[in-house]
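Novice: generate a structure from the sequence data that follows.
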Amino acid sequence: MTGDVARQDVTGAGEPARWRGWWRVLRIVLVVVWVGWAASSWWSAPRAASTAQARSDLSAGRMVSYQWTDGWDSSGRWGWTDARTPRFTGRAGPLFVWRTGDWRVHHTEFDGGSTGPAFPDSFDATRYFGPQAAAFDQALQSADRYPSGQVLNAPQPLGALPTLLLLSILTVLVFGPAPARGTRWFWFWLLTGVPLGLGLLWWLARERPWRPADTPPPDPTGRDPRERWYVGLLIGIATSIAASVLFYGLRQALGDWYVPIDAGH
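Specialist: Residues are numbered from 1 along each chain as shown. This is a model prediction of the structure:
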């Protein structure tokens, strides 16, 4: 991503109309893909539920896949989504995650989510976290339901949208016209750092080739006046922290049905 200034401006006022038309079409496609990804992520994000709802979904046949986990692991990423994955210890419980036929994902805890007093010896402690988890797992097996590693996976082709977006963005960023308002590295860190993919909308609204613009000449000291990589990195970090605080407050006020656990990352 070097040599931006030296590259010719192919998207300025003299750009052929056919190329400007193609860039407009691609911009619309990227926005539509982003909307589809954001909507599917919100819809299928894990939401807290009760053990009664888990039993009801099982008995009504709405439960199509599930996983027993010990809790959530987070990669600590501050990019497109916070990568929350189930954590396994080899035993069933206390966290139970399941998906219904409408691709909604729910989670609940059996046995209170903590060991507490000693459990009775009526279950295999090497396999189950507690007696409630053991009893519900037996009910699952009686209903011919077995664990699946696909609970958190989005339905196809929606599951491919993040990869499609990322590949499209990197292709334009690396091989497309040199950006005018920030270096390629600035936009790389901003696009991958700002949560919820909102950096994409900023890029599409502000930068070349999506908007005609001339590359600014060097300042009197010969320095490239465009925003540098560290500015994009700092913006990504700052907006990630701000979004975490904002969505935490919204989740407390509205509940995780409206603001699920992954939506603010």
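Novice: just the CA trace of stretch 237-247, in PDB.
Specialist: C-alpha atoms of stretch 237-247 as PDB (Å, rounded to 0.1, in the frame of the first residue of the first chain):
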ATOM      1  CA  ILE A 237      -9.700   2.100  19.000                       C
ATOM      2  CA  ALA A 238     -11.500   5.200  20.200                       C
ATOM      3  CA  THR A 239     -14.800   4.300  18.400                       C
ATOM      4  CA  SER A 240     -14.600   0.700  19.700                       C
ATOM      5  CA  ILE A 241     -14.300   1.900  23.300                       C
ATOM      6  CA  ALA A 242     -17.100   4.500  22.800                       C
ATOM      7  CA  ALA A 243     -19.400   1.900  21.100                       C
ATOM      8  CA  SER A 244     -18.800  -0.600  23.900                       C
ATOM      9  CA  VAL A 245     -19.800   2.000  26.500                       C
ATOM     10  CA  LEU A 246     -22.800   3.200  24.500                       C
ATOM     11  CA  PHE A 247     -24.200  -0.300  23.800                       C
END
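Novice: if I've got this straight, residue 197 is in a strand?
Specialist: No - the assignment for residue 197, made by DSSP: H, G, I helix; E, B strand; the rest coil, is helix rather than a strand.
Novice: now it: how far from residue 42?
Specialist: 12 Å (CB to CB, to the nearest Å). C-betas here are computed from N, CA, C, even on glycine.
Novice: same question for residue 190.
Specialist: 22 Å.
Novice: returning to that earlier point: higher neighbour count, residue 197 and residue 42?
Specialist: residue 197 (21 against 14; other CB atoms under 10 Å).
Novice: and the more buried one, what does it touch?
Specialist: Contacts here follow CB atoms under 8 Å, 6 or more residues apart in numbering; on that basis residue 197 touches 34, 37, 38, 80, 165.
Novice: which residue ranges of the stretch 101-250 of the chain form helices?
Specialist: Along the stretch 101-250 of the chain, the segments classed as helices by DSSP state H, counting those that start in this stretch run 131-142, 161-175, 184-193, 198-206, 229-254.
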